[in-house]
Every structure is written in C-alpha cells, then in structure tokens.
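**Student:** Got a predicted structure plus its sequence, pasted below:
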Amino acid sequence: MVNSDVRIVKTASKTSSRPGDDLTYTLTVTNLGPSDATGVTVTDNLAAGLSLTNVSSTQGTCSGTQNITCNIGNMGTTAPSNTVIITMAVKIDANFQGVTAANTAVVSSTSNDSTPGNNSSTVTVPVINSDVRIVKTASKSSLMAGEDLTYTLTVTNLGPSDAIGVKVNDELPPGLTLRSITTSKGSCSGTQSIACDIGDLTSSAPSNTATITISVTVPTSFSAGSLANTAVVSSTSNDSNPGNNSSTVNTPVARNSDVRISKATSKNVVRAGDDLTFMLTVTNLGPSDAIGVTVTDTLPAGLTVRNITTNRGTCSGTQTITCNIGDLTTTAPSNSATITIAVNVPTSFPLGTMTNTAVVSSTSPDSNSGNNTSSVNVTVNPPPSANFRTVDVTIRNSPLDICVDSGTVINVEVRLTNTGDGVQQNNPGPEFIAMLPVQLTAINNSCSATGGSCSVTSTQIEWNGTVAVGQTIRINYQVKVKSGITVGTRMCTDFVVNYDTNSDGANDATTMLNNCITANCAPPPCEGNNCPPSVGTPLPPETPSSDLKPGSILIFPIYTSDPSIGSRQNTRINLTNTDLLRPAFVHLFFVDGTTCSVADNYICLTPNQTTSFLASDLDPGVTGYIIAVAVDSLGYPASFNYLIGDSYIKLSSGHSANLAAESVWALNIPAWNLTSSTATINLNGTQYSQLGRVVAADNLPSTEDGNSTLLILDRIGGDMTNVADNIGSIFGLVYNDVENSFSFTTTQQSCQIRLPLSSSFPRSTPRYNQIIPAGRTGWIKFTLQNEGALLGATINNTVNPNGFRGGHSLHKITLGTTSLTIPIVIPPCQ
C-alpha cells in the first residue's frame with residue numbers, strides 16, 4: 001500500500017497588526033514519506049475581514065479569493081520535490097472589528113496519510129483595535145473677563161487594544177492667554193494651538209489614562225458671550241468609536257469691573273482766602289476692563305476753580321466738574337487715573353466744615369458700588385488777619401538825657417509789629433497816622449521807616465506799607481516843641497493804626513494809642529544873695545569805677561541762693577534811681593560764676609524809686625555776679641549816672657556781708673546803630689569808667705585764729721548774649737605784716753573764684769596759714785595776666801566770739817580795659 005505523510009505548517013509575517021494592514025501567510029507543505037504523495041491539495045478559507053491580494057505557489061496552481069484552493073499535484077519524498085511553499089498576501093479590513101485574525105490551512109492527498117494530525121495548521125494574528133476617548137471640563141461654569149480659567153482634558157483608552165501614538169490637539173479661542181500646561185503623560189507645546197504627544201495608552205488602569213491641565217487668562221477686554229473650546233484626540237491605532245474623539249466646553253463670559261474713587265485734599269484745615277487742592281484717584285480693581293469711565297465732582301458753592309488737570313481723558317466745568325476718563329484696564333499704570341482740582345476758598349466763604357464728594361461711574365457692570373463715591377471734609381477757619389492791637393511808641397530826646405522845653409527837638413520811634421497771622425498789605429489809605437497836638441510841629445523830611453513810605457505835614461505823619469506776619473516796622477520822625485510851653489504841660493499825640501482783619505485788601509480795623517510827653521525842664525539856677533544855701537557840689541565824672549558813687553553801670557560782685565531753702569543761703573539785691581525827674585530802665589545780666597552762661601531780665605525804676613529782690617526769686621540755685629546796665633527806652637546803653645546799688649549776702653557756710661555795688665560812670669557814649677541787635681560797651685576810660693586789672697584784698701586775718709575769709713574774684717567782660725569771659729591766668733602775691741611777699745599762680749576756666757583763703761588756696765610756698773600766723777594779718781595782690789578787668793570782695797567769718805565778721809570790696813591798684821556786648825531789647829516794663 002502506498003503510504004505517505006503530508007504536513008502543512010502555516011506562519012504569518014506579523015505577530016500583530018492593525019486594521020488596514022497588509023499580512024502575508026506562508027504555507028509550507030512537506031511530504032514526510034515514505035512514499036510519494038499523489039494528488040496533493042491545499043485549502044485555506046480566509047477569515048472574515050481578510051481580503052486576498054495575491055497568492056503564489058512553488059508547485060501547482062492556486063485559485064479562489066476567499067476560499068483558496070491550491071492543486072499541488074504529486075510530491076516526492078526527497079528534497080526539493082518533497083516541499084511546496086504557498087505564499088498568500090492578504091489585507092486586514094480598515095474596519096476590522098475582531099480581536100485577532102485567525103486562519104487555518106488544510107492539506108490532503110489521494111495517497112494514504114499515515115499521520116493525519118499534521119494535515120492542518122492555524123495561525124492567529126492579534127489585530128490592534130482601541131477606543132480613545134477625550135473629556136474636556138472647565139474649572140468655572142461661568143466667569144468674568146479678566147479672570148483665570150483652567151481646562152482639564154482627560155484622555156482614556158477604552159480598549160480593547162492598546163492605543164498607540166496618542167495625540168491631543170486643542171486650539172484655544174482667540175484672545176486667551178496661556179498661563180501654563182501640564183500633562184501626566186508625554187509632553188505639550190504651543191501657546192495658541194496646543195499639541196500634546198501622549199504616547200501609548202494601555203487598555204487597563206492606570207496606564208490607560210492621561211490628564212492634561214491647561215490654565216488660561218480670559219482678557220479683560222473680552223466681549224461678553226460664550227467661550228467655546230474643543231479638544232481632539234487621535235492615535236495611530238484603529239479607533240473603534242471616533243465619536244468620542246473630541247470634547248467641547250462652553251463657558252459663559254461676562255464683563256464686570258470695580259471702579260473705585262478715592263478723594264484727598266492738600267489741607268484738612270484752611271483759612272478763608274487760602275488755596276486748596278483736591279486729588280481724585282480713580283482705580284479699576286477689575287477683573288474686567290472698565291469702559292466709559294466718568295467722574296463727576298460738584299464743588300461747594302463759592303469755591304473758585306483755579307486749575308484742573310487729569311492724566312487721562314479730559315475735564316470740564318467750573319462748579320460741577322465732569323471728567324471723561326475713557327477706558328481703564330486692570331493692570332497698572334493704565335488701570336488708574338489721577339485728577340487734580342485746584343481751587344481758592346474766598347475770604348467770604350462760610351466758616352465751618354466744608355464737604356466735597358466725587359462720584360465715578362462706567363458703562364461696564366460694577367460689582368461694588370460702595371466705592372463709587374468719596375468725600376472729604378475740610379475745616380474752614382477765619383481768614384488770615386493782621387493785628388496791631390499794641391503800638392510801641394518810644395520818645396528819645398536829643399541828646400538822650402536833655403529835658404523837654406520850648407524848642408526841644410524830640411525823636412519819636414513808633415514800632416508797628418504785626419502779631420496776627422495774616423500779611424498786612426499796602427491797602428488804600430494810610431496804615432499809620434500820628435496826629436500831633438497843637439504844642440508840637442513835625443519837622444519836614446524827618447520821617448524814615450524800615451519799610452514802606454511815610455509823609456510829613458506840620459500836624460500829621462502818615463505811613464503806608466506792607467507788614468509781614470511777625471515783622472516790625474520802625475517809623476522814626478522828629479517833632480519840635482513850640483514856644484511858650486511851661487513846665488508840666490502835657491503834649492499828647494494820637495496814634496492810629498489801620499489794618500486788615502480778613503485779608504480782603506481793605507483796612508477794616510483800627511488801633512488807637514494816646515501818648516503824652518511832659519515839659520519837665522527845671523527853672524534856671526538861683527543866683528544872688530537871696531538863694532538858699534547850696535546842698536553840695538555834684539560828683540565829677542571820675543575815670544575809675546567806685547562802690548561809693550552812682551553810675552550808669554552797677555556790678556554786684558556776688559549773688560547766690562539755696563535752690564530749695566532760701567533762708568539758708570540767699571542774696572538781697574537793691575537798686576535805687578537817684579534822679580529827681582527821669583525814670584530808669586535797667587537791663588540786668590546774671591552771670592553764672594561756674595559756666596559763665598548769662599541770663600537777663602529788666603527792672604524799671606521811677607524817679608527816686610528804690611527796689612529790692614531776692615536771688616532765689618529770679619535765679620535760684622545759681623552763684624555768680626550781676627551786671628546792671630542803664631539803657632534808654634529802646635534798650636540801647638544810656639548815660640544815666642544816677643544808679644546806686646547794694647547787696648546783702650548770706651551763705652550757708654556762715655559768711656555774710658553787706659556789699660555796695662561797684663558803679664561805672666558813663667563818660668562819652670557814642671551814637672548807637674539803631675538797626676543793630678547788639679551794642680558793645682567799652683569800659684576804657686573814654687566811654688565808661690575803668691575797672692581794676694590789679695586788685696588787692698587787705699586786713700586779712702589769720703586762719704589760725706579761727707577765721708575763714710572767703711575770696712570772691714570776678715573777671716568782668718564778654719558777650720552777654722552768649723557767655724562771659726573766664727578768668728584765665730592770675731599772678732598773685734601774699735604779703736605778711738613784715739613786708740615779706742610770696743608768689744603764686746592760678747588758672748581758672750570759670751569767671752568767678754569763690755574760695756576760702758587757706759592752706760589749699762592760694763597754693764604758695766609756704767602755705768597761706770604759715771605766711772600769716774596766729775595773731776597777725778596780711779594782704780594779697782591779684783594781677784590779671786591778660787588785658788581785662790577784675791573786681792571782687794572778701795567776706796570774713798570766725799568761730800571766735802570776739803572775732804570780726806563782715807566784708808568789703810577789693811581795692812583797685814591799676815586799671816584795666818574791658819568791654820561788654822549786650823543785646824538790644826526794648827524794656828518790657830516801661
């Protein structure tokens with residue numbers, strides 16, 4: 001019996017494929033013998049979805065398109081005749097719905113087949129077929145122009161096969177601004193056209209899903225309406241359901257802006273007549289652009305507009321101000337506008353609180369109408385006012401100490417000080433008038449002033465001009481006393497000041513002052529046998545100073561007080577005006593003996609008046625010396641040799657004494673510069689008497705007898721507007737009562753020495769207590785090493801009940817020259 005074994009083996013060109021792919025099946029038919037195989041036939045019925053494109057065989061012929069039959073014929077048992085290869089090229093339909101492409105080939109022959117089990121062969125090729133779906137959502141169901149929005153794109157492979165080469169495309173609507181893109185798989189690029197390469201997605205979670213987040217900003221200028229955005233997914237795999245490959249989200253967009261106005265003012269408090277500026281700031285807080293912004297500001301009635309400016313748009317109007325700003329974006333600087341309205345508050349404006357409100361609006365919806373208005377309150381106070389309620393009139397004769405009688409020329413100075421808070425302008429009509437009495441006549445061309453202009457008639461002086469706040473105008477003129485005036489006649493001038501109390505350019509207030517001078521010249525001296533006996537010869541103007549005569553300057557060598565208990569330590573100062581007819585103006589300078597700093601005060605004395613005061617009342621706790629200078633009614637040093645003075649000193653150490661003030665005679669006082677604020681007094685023997693440069697203390701008892709002699713030594717001179725001169729270097733000689741002398745030196749940075757004479761001071765060799773032993777006396781001479789002046793005193797105290805207590809001034813041995821600079825201050829007490 002003929003017995004053969006034909007075998008068929010079928011293979012595919014691909015292990016997997018996609019719908020639409022080409023695929024080649026290779027069918028290998030082999031006769032395994034032992035006999036030849038006759039009438040060999042191969043059949044292959046293609047699976048649904050497969051289409052034959054070509055078939056070929058190395059032996060025999062093949063026919064059919066879906067069911068393929070190949071008639072091989074006979075096959076030997078040895079190669080190559082024992083093998084036939086059939087090649088079948090097929091195409092997988094593009095809409096293939098299956099999971100695999102399975103195909104079986106069968107071989108048969110007319111010979112007996114010993115092994116029928118190898119007569120068929122099946123090959124299965126998986127067909128990749130996926131369903132990628134995209135779902136797009138938005139973070140907000142609706143939004144305002146200018147807000148942010150986030151799109152979330154979820155891509156899922158629903159299978160059954162893996163999705164290969166997945167891509168997502170999202171074309172953003174025009175105008176949207178991309179803020180960021182993130183994806184859980186792959187990468188994304190683009191700003192308007194977004195392209196994401198996701199890669200492959202499996203058919204099982206979690207690797208079957210990719211999430212893309214796209215954050216955008218809707219422009220503030222976006223028109224109201226719906227914002228539509230579509231995302232599309234694709235892959236290189238067959239997609240069984242293309243209907244879910246795109247997703248669109250529609251988001252309603254509305255316009256909504258928040259325009260805010262803030263109003264401020266340059267001043268919270270103004271005076272009627274002042275200028276004032278309102279500052280309006282308009283800001284769009286968004287989120288959308290504000291369209292057609294308008295500001296309206298109705299000014300309080302009465303204000304006068306000086307200027308309006310805006311950095312956006314235009315403004316118009318005088319009482320109701322309207323500013324068309326235009327559109328405002330949401331980002332600086334184009335989201336704001338600044339308006340400045342400069343006005344004047346007239347002097348007639350009602351006093352009190354003035355309220356001004358500005359309103360902003362726009363054609364866009366406004367989410368917060370509560371900030372569309374802004375108000376400011378301004379307090380309006382009375383207008384600046386000039387004030388001349390006090391008029392200062394000073395009468396100065398020529399020369400300064402002459403009496404008033406017929407023919408006397410009198411120098412008059414009027415000081416007009418504007419104590420108000422408004423400038424006195426040169427308004428129509430005179431600001432000052434001096435109306436003279438019949439006994440006086442004005443001297444032509446004698447009027448001058450530190451500002452403005454003045455005119456003179458025989459009966460009246462007028463002045464016109466401007467006086468700033470705090471300014472003092474000095475008006476000087478001369479009048480002459482007419483003949484026929486008797487002693488005691490009062491001559492009164494009416495002074496009138498016209499001024500403006502509301503800064504409106506018209507004088508509406510008046511201050512009047514009546515000032516009188518009295519004819520006071522004494523009758524001529526009596527001559528002949530019927531005259532009463534003389535009361536003495538007047539003192540000559542001696543060159544050196546003295547504590548035994550009157551003068552124009554008094555120097556008190558020491559003053560002191562206990563700052564808390566005045567009864568323990570104090571000084572009583574006494575001043576007396578010995579002039580029968582004239583008052584005295586005395587400028588006091590309190591010099592701190594340690595620091596040399598200066599404080600001042602005034603005392604005014606009527607004729608023949610004496611007055612006293614305690615140091616504790618005026619300068620408590622300070623020890624130093626006092627200089628009293630006679631001045632005229634304007635505060636300039638005057639020749640007034642009628643002052644005498646005295647002081648009683650009591651110290652807590654037990655020292656006490658009554659000391660006369662050192663008087664300095666005025667000799668030839670120069671004409672002072674009436675525009676200067678200071679004057680320098682020269683104690684040089686020409687202007688004023690000299691003080692001592694070498695001074696001495698005598699009758700000094702021994703400390704060994706229980707005595708304590710306090711030395712007071714002052715350096716006189718310096719700037720009384722700042723500090724006095726310090727003592728500097730002193731050369732001294734201590735003498736005993738057998739004409740032996742012992743020298744010493746001392747340097748002091750203070751301007752007063754207050755030390756008890758002892759073994760410690762002065763530092764001589766031998767010491768003071770050895771130079772003047774018990775039961776003996778001595779004396780000391782002090783020499784100022786530099787040019788200048790000294791004065792002082794000694795005060796003795798003793799524990800010996802039979803001893804002597806008291807004090808006396810130092811003696812002048814030689815004279816020195818010094819000077820004092822004093823401030824010019826009008827005596828406030830006149």
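**Tutor:** Received, thanks.
**Student:** Output the below-cut-off pLDDT ranges for the stretch 1-150 of the chain.
**Tutor:** Across the stretch 1-150 of the chain, the ranges flagged by pLDDT under 70 are 1-2, 95, 97-99.
**Student:** typo on my end, it should be the stretch 301-450 of the chain
**Tutor:** 390, 393-402.
**Student:** For the spatially most central residue of the chain, give me its contacts.
**Tutor:** Closest to where the C-alpha atoms of the chain average out (Cα atoms, centre = their mean) is Ser266, at 15.6 Å. By Cβ atoms under 8 Å, 6 or more residues apart in numbering, the contact set of Ser266 is Leu276, Thr277, Phe278, Met279. C-beta coordinates here come from the backbone N, C-alpha and C atoms, glycine included.
**Student:** Show me which residues of stretch 733-748 are buried.
**Tutor:** Neighbour counts over stretch 733-748 (16 or more other Cβ atoms under 10 Å) mark Leu733, Val734, Tyr735, Asn736, Phe742, Phe744, Thr746, Gln748 as buried.
**Student:** Greatest separation within those: which pair is it?
**Tutor:** Farthest-apart pair in the buried residues of stretch 733-748 is Asn736 and Gln748; separation 24.8 Å (Cβ to Cβ).
**Student:** Sketch out the low-pLDDT regions of the stretch 501-650 of the chain for me.
**Tutor:** Low-confidence segments of the stretch 501-650 of the chain, defined by pLDDT under 70, span residues 522-547.
**Student:** Tell me where it has strands.
**Tutor:** Using DSSP state E, counting those that start in this stretch, the strands assigned to the stretch 501-650 of the chain run over residues 509-518, 553-559, 570-577, 584-592, 598-605, 610-614, 624-631, 643-650.
**Student:** residues contacting the closest residue to Asn570 other than its chain neighbours?
**Tutor:** Distance criterion Cβ to Cβ, 6 or more residues apart in numbering; nearest residue to Asn570, sequence neighbours excluded, is Ser561 at 4.6 Å. Ser561 makes contact with Gln569, Asn570, Thr571, Leu614, Ala615, Ser616, Asp619, Pro620, Gly621, Val622, according to Cβ under 8 Å, 6+ apart.
**Student:** go on, Ala301?
**Tutor:** Ala301 neighbours (Cβ under 8 Å, 6+ apart): Gln319.
**Student:** before we move on, what about the one 4 residues further on?
**Tutor:** When contacts are counted by Cβ under 8 Å, 6+ apart, Val305 touches Leu299, Thr318, Gln319, Ile321, Ile341, Ala342, Val343.
**Student:** between the residues you listed, which is nearest Ser130?
**Tutor:** Proximity of the contacts of Val305 to Ser130 was ranked by Cβ to Cβ; the top entry is Ile321 with 70.4 Å.
**Student:** So the closest one versus Thr373, what's the distance?
**Tutor:** Counting by Cβ to Cβ, to the nearest Å, the gap from Ile321 to Thr373 is 14 Å.
**Student:** same deal with Phe278?
**Tutor:** Taking Cβ to Cβ, one finds Phe278 at 14 Å from Thr373.
**Student:** Settle it for me: which of those two has more neighbours?
**Tutor:** Ranked by neighbour count (other Cβ atoms under 10 Å), Phe278 and Thr373 place Phe278 first, with 22 against 15.
**Student:** Which residues does the nearest residue to the more buried one once chain neighbours are set aside form beta bridges with?
**Tutor:** Among residues not flanking Phe278 along the chain, Ile341 sits closest, at 4.4 Å (Cβ to Cβ, 6+ apart). Beta bridges link Ile341 to Phe278, Ile308, judged by DSSP bridges.
**Student:** Same check on Val107?
**Tutor:** Where Val107 sits in a bridge, its partners, by DSSP bridges, are Val42.
**Student:** in which helix or strand would I find Ala231?
**Tutor:** strand 225-234 (DSSP states H and E).
**Student:** quick one: buried residues of that strand?
**Tutor:** For strand 225-234, a neighbour-count test (16+ other Cβ under 10 Å) marks Leu227, Asn229, Ala231, Val233, Ser234 as buried.
**Student:** Nearest to Asp131 among the residues you listed?
**Tutor:** Closest approach between those and Asp131, by Cβ to Cβ: Val233, at 10.6 Å.
**Student:** related to what we said a few turns ago, ranking by neighbours, what's the top pick from the contacts of Val305?
**Tutor:** The most neighbours of any of these, using other Cβ under 10 Å, belong to Ile341, which has 26 neighbours.
**Student:** mind giving me the domain split of this structure?
**Tutor:** Per automatic domain parsing, the structural domains of the chain span 3-127, 130-254, 259-381, 391-518, 553-677, 691-822.
**Student:** Of all those, which one comes closest to Pro828?
**Tutor:** In terms of Cβ to Cβ, the element of these nearest to Pro828 is domain 553-677, at 6.0 Å.
**Student:** Quick one: end-to-end distance for that closest one.
**Tutor:** By Cα to Cα, to the nearest Å, the extent of domain 553-677 from end to end equals 20 Å.
**Student:** Check which residues of the helix or strand containing Lys263 are buried.
**Tutor:** Assigned by DSSP H and E, Lys263 belongs to strand 259-265. Neighbour-count burial for strand 259-265 flags Val259, Arg260, Ile261, Lys263, Thr265 (criterion: 16+ other Cβ under 10 Å).
**Student:** Would you mind pulling up the elements that that strand packs against?
**Tutor:** With contacts taken as 3 or more Cβ pairs under 8 Å, 6 or more residues apart in numbering; DSSP states H and E, strand 259-265 sits against strand 275-284, strand 290-298, strand 352-361, strand 373-381.
**Student:** hang on, isn't Asn608 packed against Leu581?
**Tutor:** No. Judged on Cβ atoms under 8 Å, Asn608 makes no contact with Leu581 at a distance of 9.2 Å.
**Student:** Can you get me a residue count around Gln609?
**Tutor:** Neighbours of Gln609 (other Cβ under 10 Å): 15.
**Student:** quick one: stretch 296-307 to chain centroid distance?
**Tutor:** 30 Å (Cα atoms, centre = their mean, to the nearest Å).
**Student:** follow-up on the earlier one: could the contacts of Ser266 go into a markdown table alongside pLDDT?
**Tutor:** A markdown table is the format used below for the contacts of Ser266 (pLDDT from 0 to 100):
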| residue | pLDDT |
| --- | --- |
| Leu276 | 96 |
| Thr277 | 97 |
| Phe278 | 97 |
| Met279 | 97 |
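**Student:** Neighbour-wise, give me the winner out of these.
**Tutor:** Phe278 (22 neighbours).
**Student:** Tell me how far that one lies from Gly370.
**Tutor:** For Phe278 relative to Gly370 (Cβ to Cβ), the value is 21 Å.
**Student:** so how far is Thr357 from the closest residue to Met279 other than its chain neighbours?
**Tutor:** Once flanking residues are discounted, Met279 sits nearest to Ala264: 4.7 Å by Cβ to Cβ, 6+ apart. Using Cβ to Cβ, Ala264 is found at 13 Å from Thr357.
**Student:** next one: Ser215
**Tutor:** 42 Å.
**Student:** go on, Ser639?
**Tutor:** Taking Cβ to Cβ, one finds Ser639 at 71 Å from Thr357.
**Student:** next one: Ser616
**Tutor:** 63 Å.
**Student:** With respect to Phe222, which of the contacts of Val305 is nearest?
**Tutor:** The closest of the contacts of Val305, once distances to Phe222 are taken by Cβ to Cβ, is Ile321, at 32.6 Å.
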